[in-house]
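**Q** curious how this folds, go ahead:
(one chain, ligands or ions: 1)
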Amino acid sequence: MPASQQPPFALANLNGEITPLSEAKIPALDRGFLFGDAVYEVMWVHQGKMWLEEEHFNRLERSLKLIRIQGVNLQTLAARVYETIKAGKFKNAIVYIQITRGAAPRSHAFPKDVKPFEFLFVQEFNDPYAEMRDKGIHLLSRPDIRWDHCDIKSTNLLANVLAIQDSKEAGCQEVLFYLKDGTITESAHSSLFGVLDGILYTSPSSELILPGITRNHLLKLITKEGIPIREKSLNLAQLEEISELFITGTTSGVLPVVTVDKKPIGSSKPGPITRRIEKAYWDSVKIWSQNANHKQDGLGI
Ligand code: PDD
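**A** A predicted model of the protein is given here:
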């Protein structure tokens, strides 16, 4: 493999056993592989600790409950994440956790007595978003053809993958998903916010969007900042009047959007409200990371 394509350093943890990610093996009959019968989480590790850890584990618990996977001990799982972080001496990293219903002879209905497969990996994070944060990104609008439970962080991501590929081929970095009536939902792997007449809008929490952890964290910061916010979906027809647009996510933080389908958003530059929210976000990370009281022992539980 050419040096430029070397994957970042990563360690996997399969049901508690740590191995290099490149050597991790998934059973061929695993239902996550065969049916997408699985849920996942992506977390950011900053200075060796999981950012918004409780929120991510709460969402994982909810996803597991909604697809009826039982028997996963989330405290054990959190301890495994920290063991893996320690084993790799990770400081700035991404954690990927995937829980599948387990391996069993192929049959659609839930197998009896199957044990969930608990897979995670921790991977060095070399932030690819710096330039995008500075200049802003471009979105491609795509019909939201996902299912009726986008609130579950399921590994069934084919619609997202195809939409992102379309956006990449169009020279964009993300997608703006819309429903048949023009309602804007979110992006393919990010939440979406827009400013209209000085008011910030984001889709309400419902089965149409993933309850983004960054989104929910920002809602609190935005309220504290005194910026008017409404949890109400925007519509494609309003795009021309929207003065600012930005997306949010665990790995990207806050990313300004400067065009949709090659048409400018506002002045086609990252706007002042976006910049204010971005600053509030990074300030909150700083305050958290300086907080001497949080999870000193690196065991996070
Ligand atoms: N994506 N909406 C969708 C559809 C997502 O897949 C994500 C996250 C978000 C943002 O959620 P959060 O703030 O909790 O990261 C919104 C992850 C990072 C991924 O699939 O890689």
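
**Q** and the helix ranked longest in the chain with the ligand, contact?
**A** Scanning the chain for the helix with the most residues, using DSSP state H, yields helix 272-290. No: applying C-beta under 6 Å from any ligand atom, one finds helix 272-290 separated from the ligand by no less than 11.0 Å. Where C-beta positions appear, they are placed from N, C-alpha and C, glycine not excepted.

**Q** by contact count, what packs against that helix?
**A** Packing contacts for helix 272-290, counted by 3 or more C-beta pairs under 8 Å, 6 or more residues apart in numbering; DSSP states H and E, involve strand 191-196, helix 213-225, strand 244-249, strand 253-260.

**Q** what does that helix rub up against?
**A** Residues from elsewhere that reach helix 272-290 (C-beta atoms under 8 Å, 6 or more residues apart in numbering): 46-47, 49, 51, 133, 193, 195, 200, 214, 217-218, 221-222, 224-225, 227, 244, 246, 253-254, 256, 294.

**Q** what about the ligand: which of these touch it?
**A** T214.

**Q** filter the contacts of helix 272-290 down to the buried ones.
**A** The neighbour count (16 or more other C-beta atoms under 10 Å) marks 46, 49, 51, 133, 193, 195, 200, 214, 217-218, 221-222, 227, 244, 246, 253-254, 256 as buried among the contacts of helix 272-290.

**Q** dump the helices and strands packed on helix 272-290 into JSON lines; add distance to I18 and mean pLDDT as well.
**A** Shown next, in JSON lines, are those (distance: least, C-beta to C-beta, whole Å; pLDDT from 0 to 100):
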{"stretch": "strand 191-196", "distance to I18": "32", "mean pLDDT": "98"}
{"stretch": "helix 213-225", "distance to I18": "25", "mean pLDDT": "97"}
{"stretch": "strand 244-249", "distance to I18": "27", "mean pLDDT": "98"}
{"stretch": "strand 253-260", "distance to I18": "29", "mean pLDDT": "98"}
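
**Q** what would the ones you listed look like in CSV with distance to G16?
**A** Listed next are those as CSV, based on distance: least, C-beta to C-beta, whole Å:
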stretch, distance to G16
strand 191-196, 32
helix 213-225, 25
strand 244-249, 29
strand 253-260, 31
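
**Q** for V39, which of these is the nearest?
**A** helix 213-225 (14.2 Å; C-beta to C-beta).

**Q** for the helix or strand encompassing K86, packing partners?
**A** Following DSSP states H and E, one finds K86 within helix 74-87. In terms of contacts (3+ C-beta pairs under 8 Å, 6+ apart), helix 74-87 is packed against strand 10-14, strand 17-20, strand 49-50, helix 53-66, strand 93-100, strand 117-124.

**Q** quick check: angle from the fourth one to helix 213-225?
**A** Taking axes from the mean of the first three to the mean of the last three C-alpha atoms, to 10 degrees, helix 53-66 and helix 213-225 form an angle of 130 degrees between their directions.

**Q** mind listing what's buried along helix 53-66?
**A** In helix 53-66, the ones that count as buried by 16+ other C-beta under 10 Å are E53, E55, H56, F57, R59, L60, S63, L64.

**Q** mean confidence for that helix?
**A** If you average the pLDDT over helix 53-66, you get 98.

**Q** done for today, thanks.
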